[in-house]
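K.L.:
Next come a sequence and a model predicted from it.
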Amino acid sequence: MIASDQQIEKWKQEKTIGIIGLGDMGLLYASRFSKAGWKVVCCDRPELYEELHEKFLSESFTIVENGTLVSRCSDYIIYSVEAENIGKIVKMYGGSSKVGSIVGGQTSCKNSEIMAFEKYLPADCDIVSVHSLHGPKVDTEGQPLVLINHRTKSEESFDFVESLVSCLKSKHVYLSYEEHDKITADTQAVTHAAFLSMGVAWYNVRIYPWTVGVNKWHGSLENVKVNISLRIYSNKWHVYAGLAITNPAAHKQINQYAKSAMELFTLFVEGKKEELTKRLFTARESVFGNHNGLLLLHDLALDGYSLSKHKMGADDEVIPNSHLSLLAIVDSWHQLGIDPYDHMICSTPLFRIFLGVSEYLFLTEGLLEQTIDAAINVKEFRADDMEFVIAARSWSSIVTYGDFELYRRKFEEVQQFFTPMFQEANIIGNEMIKTILEHSKGKNL
Ligand SMILES: NC(=O)C1=CN([C@@H]2O[C@H](COP(=O)(O)OP(=O)(O)OC[C@H]3O[C@@H](n4cnc5c(N)ncnc54)[C@H](OP(=O)(O)O)[C@@H]3O)[C@@H](O)[C@H]2O)C=CC1
Ligand SMILES: O=C(O)C(=O)Cc1ccc(O)cc1
């Protein structure tokens, strides 16, 4: 429960908020909390102390040398560090947590975070964790913010944390850490697997899809694919690696996604139109059978959000795509018995956009039939589809084997290929995402 204004003012006078890890998310929290009048103390790696101290001199939060100093003086300590390293870092600083303090984390998978807290924190510490379900550049207002009340001695601990984060104006979602990990596996992890695979497929044939003319990868759905894929590759690899590899529930989703892509592609190649149609119509009924009302992306023209410099001429024709990446997500939701709408309350913007485009493909009159026809009869996307299947398979094995190093190498190789486009892609992508989110307000998107 959010406390009274008077109580919040009192806490602002008395309490200190500590943030360990001053990367993108740590900085977002430090700056928002301190602007709201909270006393905030932060650190990053000790070797960065001088540089950060200089850099943030004009900010109203304080930089200290290390996590031990943050922990000793803070009443609520947030670990905002790489998921892969949470155990090591809590081991280093957890023992210094102020007596009776509350500790939480921002990592995207809560299993390893909570295990580290249980293992290394003194028994007098409470545990209340958080997870903002959006990237650091998204407006926090109205976005889901998960709050996990894992171990508290009194109601006041949770009320204090909830009152603190209320300045973000996000939508609070109350979950256990197990529920959190199950939902984010269904939503985030598989969404990233899809867009990461598109990037690898383009990279492997060395194609920038927006440069090939108006015949291929042209139009709203294609712009969403390109913009979101580039957005992910312009980010840090460890965010995606961490949330997929450290969450065991995510492995099953990513594996099913690759399996669905491979099985659908096999039907394309074998020319089994009837079987393909039956499988996709069954998936449509299972995932969208109860859908009513307007589509999430109803009437939304996203044609303008293209990186392409080509203009459509009177004689130009767009070759219809098989949209394998979208067919595969709906098929895998069906195979795993997932209702994606169940997770709306706890979803990221990228997941909602992925659901929006999938819904558009499956529920726009005649579009699924046209897509199935293209998948069987149009050969221009075959090689690209094959690359996509291989890419999805390879992300799935990297995640299953828990290989952070291979994940980093593969991610950064593709990242390098797309780097020249990031600046422009981010501007166009941000505009596109803003339009989609504004358009969908009130539709729970
Ligand atoms: N980016 C996003 O969209 C979101 C990320 N998250 C999660 O939040 C967490 C942070 O992500 P994000 O801010 O993007 O990542 P960043 O890499 O930007 O931030 C993590 C920071 O922690 C620092 N760090 C590492 N070790 C220590 C240490 N011993 N003491 C103090 N600081 C340390 C890192 O330094 P160095 O780089 O030198 O290792 C880095 O600056 C991750 O777990 C991520 O999964 C959650 C929601 C959204
Ligand atoms: O919207 C997405 O899926 C993102 O890519 C941003 C993101 C990354 C990690 C998180 O834990 C939450 C949000």
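P.N.:
Structure received. Ligands and ions are numbered 1, 2, ... in the order given.
K.L.:
where in the stretch 101-250 of the chain is pLDDT low?
P.N.:
213-214 (pLDDT under 70).
K.L.:
Up against ligand 2, what does it have?
P.N.:
With C-beta under 6 Å from any ligand atom as the criterion, the stretch 101-250 of the chain meets ligand 2 at residues Ser108, Leu133, His134, Gly135, Gln188, Thr191, Val239, Leu243. Backbone N, C-alpha and C define where each C-beta goes, glycine included.
K.L.:
Nearest residue to the third one in space, please, no chain neighbours.
P.N.:
Same thing as His134. Sequence neighbours aside, Gln143 is the residue nearest to His134 in space, at 4.4 Å (criterion: C-beta to C-beta, 6 or more residues apart in numbering).
K.L.:
doesn't Pro349 make contact with the one you found?
P.N.:
Yes. Look at Gln143 against Pro349 with C-beta atoms under 8 Å: they come within range, at 7.4 Å.
K.L.:
where do the contact lists of those two overlap?
P.N.:
His134 (C-beta atoms under 8 Å, 6 or more residues apart in numbering).
K.L.:
what are the ranges of the helices in the stretch 251-400 of the chain?
P.N.:
273-288, 324-336, 349-363, 367-377, 382-400 (DSSP state H, counting those that start in this stretch).
K.L.:
The stretch 51-200 of the chain too?
P.N.:
Counting by DSSP H, counting those that start in this stretch, the helices of the stretch 51-200 of the chain are 67-73, 86-93, 110-120, 155-165, 177-184, 190-204.
K.L.:
Dump those helices into JSON lines; add distance to Gly289 as well.
P.N.:
Formatted as JSON lines, the helices of the stretch 51-200 of the chain follow (distance: least, C-beta to C-beta, whole Å):
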{"stretch": "helix 67-73", "distance to Gly289": "50"}
{"stretch": "helix 86-93", "distance to Gly289": "40"}
{"stretch": "helix 110-120", "distance to Gly289": "32"}
{"stretch": "helix 155-165", "distance to Gly289": "37"}
{"stretch": "helix 177-184", "distance to Gly289": "21"}
{"stretch": "helix 190-204", "distance to Gly289": "21"}
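K.L.:
Now that we have those, can you turn them into CSV and tack on mean neighbour count?
P.N.:
Shown next, in CSV, are the helices of the stretch 51-200 of the chain (neighbours: other C-beta atoms under 10 Å):
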stretch, mean neighbour count
helix 67-73, 22
helix 86-93, 19
helix 110-120, 21
helix 155-165, 20
helix 177-184, 21
helix 190-204, 25
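K.L.:
In contact with the residue nearest to the spatial centre of the chain, which residues are there?
P.N.:
Geometric centre of the chain, nearest residue: Gln188, 4.7 Å, by C-alpha atoms, centre = their mean. By C-beta under 8 Å, 6+ apart, Gln188 lies in contact with Ser108, Leu133, Leu243, Thr348, Leu350, Phe351.
K.L.:
go with 7 Å
P.N.:
With contact taken as C-beta atoms under 7 Å, 6 or more residues apart in numbering, Gln188 is in contact with Leu243, Thr348, Phe351.
K.L.:
burial of the one residue in the stretch 301-445 of the chain that gets nearest to ligand 2, as a residue count?
P.N.:
Ranking the residues of the stretch 301-445 of the chain by distance to ligand 2 (C-beta to the nearest ligand atom) places Thr348 first, at 3.2 Å. By other C-beta atoms under 10 Å, the residues close to Thr348 number 22.
K.L.:
Disregarding residues adjacent in the polypeptide, which is nearest to it?
P.N.:
Closest to Thr348 by C-beta to C-beta, 6+ apart is Leu133, at 4.8 Å.
K.L.:
thought that neighbour was touching Leu147?
P.N.:
No. Contact criterion C-beta atoms under 7 Å: Leu133 and Leu147 do not qualify, at 11.6 Å.
K.L.:
Give the residue from the two that has the larger number of neighbours.
P.N.:
Neighbour totals were compared for Leu133 and Leu147, and Leu133 leads with 25 against 19 (other C-beta under 10 Å).
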